[in-house]
Every structure is written in C-alpha cells, then in structure tokens.
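> predicted coordinates and the sequence they were generated for:
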Amino acid sequence: MAVDDDVEKQFAEAVNMSAGELKKWLESDESKSVGAKGSAGSGSSGSSEAESTGHESGRRIVEILERKKSDRDDDDEAQMKRTFSYVHRHLAQKPSKESIEDSKWRYSLMNWGHDPLK
C-alpha cells in the first residue's frame, strides 16, 4: 500500500534532515540526552538505560527515509503522521528566552528529524 500523498507531503515538510544527517545525530550524546524515556527497557542491547521515545522515532524515521516511497506501508504511514504531529506541536513551544542552538527543545526536534536552524 502506498502512503497517502498528503501524509507524504506533511512528512516531507516536517523532516528537514537527511537520513545520513539524522543517523549521525542519533549517535551523539546530545541526542541521547533528551526525551521522555520509557520504563520498559526499549534501550539498546546491553544498555540498562531506556531509549527515549524521540530517539526511537528517529531510528524509524531513518528507516522510512531510506525506503522507496512505493515500499512504505501502513506502519510507516502511522509513524509519518506521528512525526508531523510531534514536530508541529513542538515547534509551537519554541523557547522565548534561551538560545535555541544548544537547547533541549532543538535537540528533541532533531531526534524527530527536524532541525529548526535549517
């Protein structure tokens, strides 16, 4: 099943990082330092720390970006909708007083494939 064109468009607007950029970001300490972490260890193998929701989503976004559009399925479409929704909501919460370059707000958005400084 092909993903709905509107969902593809919204996802493309929300995700402004390439798969390569996002992969590199997700490996950084800054990426791993933000986000709500689940208690039921969805952490990486051998790690006692749980992976944050955003970090896990970032890995799924990389998979979607690397997959041909014609090969995307219902699960991909659901993740694409969550991604657009999260980015849209989080952008509305832009901090007004702090520098955003090194902010948890920016780092969290980047875990979802959106760099607000681009």
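That came through fine.

> low-confidence regions, the protein specifically.
By pLDDT under 70, the low-scoring segments of the chain are 1, 38-49.

> mind doing that once more with 50?
40-48 (pLDDT under 50).

> contacts for the longest helix along it?
Counting by DSSP state H, the longest helix found in the chain is helix 74-91. For helix 74-91, contacts defined as C-beta atoms under 8 Å, 6 or more residues apart in numbering pick out 1, 3-4, 7-8, 10-11, 13-15, 54, 57, 60-61, 63-64, 67, 72, 105, 108-109, 112-114, 116. Glycine gets a C-beta too; all of them are placed from N, C-alpha and C.

> now do the buried residues in the helix or strand following it.
Next helix or strand after helix 74-91 toward the C-terminus (DSSP states H and E): helix 104-111. Within helix 104-111, the residues that qualify as buried are 105-111, counting by 16 or more other C-beta atoms under 10 Å.

> if we can go back for a sec, could you give me the PyMOL selection string for whichever of the contacts of helix 74-91 are buried?
Only the buried entries of the contacts of helix 74-91 go into this PyMOL selection, using 16+ other C-beta under 10 Å:
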select buried, resi 3+7+10+11+14+15+54+57+60+61+64+72+105+108+109+112+113+114+116
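
> distance to Glu98 added to the buried residues of helix 104-111, as a markdown table?
Shown next, in a markdown table, are the buried residues of helix 104-111 (distance: C-beta to C-beta, whole Å):
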| residue | distance to Glu98 |
| --- | --- |
| Trp105 | 8 |
| Arg106 | 10 |
| Tyr107 | 12 |
| Ser108 | 13 |
| Leu109 | 14 |
| Met110 | 16 |
| Asn111 | 18 |
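
> out of the contacts of helix 74-91, which are inside helices?
7-8, 10-11, 13-14, 54, 57, 60-61, 63-64, 105, 108-109.

> wait, which of the residues you listed is closest to Glu21?
Proximity of the ones in helices among the contacts of helix 74-91 to Glu21 (C-beta to C-beta) peaks at Ile61, which lies at 11.0 Å.

> next one: the closest one from Asp76, what distance?
Distance, Ile61 to Asp76, by C-beta to C-beta, to the nearest Å: 10 Å.

> that concludes my questions; thank you for your assistance.
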